[in-house]
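> Just to be clear, the model below is a prediction. Sequence and coordinates:
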Amino acid sequence: MPELPEVETIRRGLATALEGRRIARVTVRRSDLRRPLPENFAARIEGRRITGIGRRAKYLLLSLDDDNVLLAHLGMSGRMVIENGAETRVAHLTHVHVSFAAEDGTVVRFSDPRRFGLMDIVAANALDSHALLAGLGPEPIGNAFDGTILAERLKGKRTPIKAALLDQRVVAGLGNIYVCESLYRSGISPKRLARTVQGERAHRLADAIRAVLADAIAAGGSSLRDHVSATGELGYFQHNFEVYDREGQPCPGCDCGAGVLRIVQSGRSTFYCAARQR
DNA sequence: CTTACGGCCTGTACGC
DNA sequence: TGCGTACAGGCCGTAA
């Protein structure tokens, strides 16, 4: 499920539940995620206090009081669900691979049916050079992102802009939904070669990316099938999709007869309006 | 170097 | 009902 807005929503929920808390017990039911959990995973976290929870791209970063960071990626189907005593509505119950129990009784469960997610423990001072984080592009909702930066990153790229935006080295945190939505909002064809998105176009696209992500975060992310937030609340940005998963439906703000089209680019669905996006 | 594609894994929706 | 196929929010390794 998770692209940047969903991960950010989960981060906020986890921060409320876990920041400042000590992890008393870590239970591992399966360690064969996308990559195996690191050695002694549970023992390295038990007894540690969570000093802060951050995010980089689609990675959750839980800072521990021993100057290590628990890095977690949710893959396609991963969730973090907070359980407070009585409440036991854990989604994907049979796919809970790791549980974190804080000393105050709060339990956070990581579930991930497809097991494309992963976790690692990294020294805080080596975080930026971690293999999974080192090559990531700029945070699109950070101050250091704008049309000029985006244009620079797209320069010379011969792939369609759709594929370029899915590349986490270009911009960090976008996935299929928000790429489609951003291209629609900025009126740029997903088939346009990335290197031709320069100048004014790049600024329009960067602005659209920032706006789409901000709107999605404000809506608590998108819930395509089930819960998104760590507290179990549904995000509702899926109701604001203009093109994603709307093949054949009329596109808002456009009178073209064709409506939203679906094509496949690099093996993934792209939704767009041929009249509005050039 | 850059780009394209198969594979990872499970669940679900759909057509026959 | 059952079965086969396609597809799903991500990413990586390999090949070209």
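Right, received. Where do you want to start? Numbering: from 1, shown residues only, chains lettered A, B, ... in the order given.
> which ones are touching whichever residue of the stretch 151-278 of chain A sits closest to DNA strand B?
At 3.6 Å from DNA strand B, residue A:158 is the closest residue in the stretch 151-278 of chain A, using CB to the nearest atom of the strand. From N, CA and C alone the C-beta is placed, and that goes for glycine too. When contacts are counted by CB atoms under 8 Å, 6 or more residues apart in numbering, residue A:158 touches A:193-195.
> Apply 7 Å and report the result again.
For residue A:158, the contact set (CB atoms under 7 Å, 6 or more residues apart in numbering) comprises A:193, A:195.
> all helices of the stretch 51-200 of chain A, in order?
Ranges of helices within the stretch 51-200 of chain A are A:147-154, A:161-166, A:176-186, A:199-218, based on DSSP state H, counting those that start in this stretch.
> I'd like those laid out as JSON lines, including mean pLDDT.
Shown next, in JSON lines, are the helices of the stretch 51-200 of chain A (pLDDT from 0 to 100):
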{"stretch": "helix A:147-154", "mean pLDDT": "97"}
{"stretch": "helix A:161-166", "mean pLDDT": "97"}
{"stretch": "helix A:176-186", "mean pLDDT": "97"}
{"stretch": "helix A:199-218", "mean pLDDT": "98"}
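> Any chance of TSV for the ones you listed, columns distance to residue A:237 and mean neighbour count?
Compiled in TSV, the helices of the stretch 51-200 of chain A are given as follows (distance: least, CB to CB, whole Å; neighbours: other CB atoms under 10 Å):
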stretch	distance to residue A:237	mean neighbour count
helix A:147-154	22	19
helix A:161-166	18	24
helix A:176-186	9	25
helix A:199-218	4	19
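> Can you add distance to residue A:72 and give those back as a markdown table?
Compiled in a markdown table, the helices of the stretch 51-200 of chain A are given as follows (distance: least, CB to CB, whole Å):
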| stretch | distance to residue A:72 |
| --- | --- |
| helix A:147-154 | 26 |
| helix A:161-166 | 21 |
| helix A:176-186 | 20 |
| helix A:199-218 | 19 |
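> Put together CSV for those, with distance to DNA strand C on each row.
Below are these laid out as CSV (distance: least, CB to the nearest atom of the strand, whole Å):
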stretch, distance to DNA strand C
helix A:147-154, 16
helix A:161-166, 7
helix A:176-186, 4
helix A:199-218, 10
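> Could you list the low-pLDDT ranges of the stretch 51-200 of chain A?
A:85-92 (pLDDT under 70).
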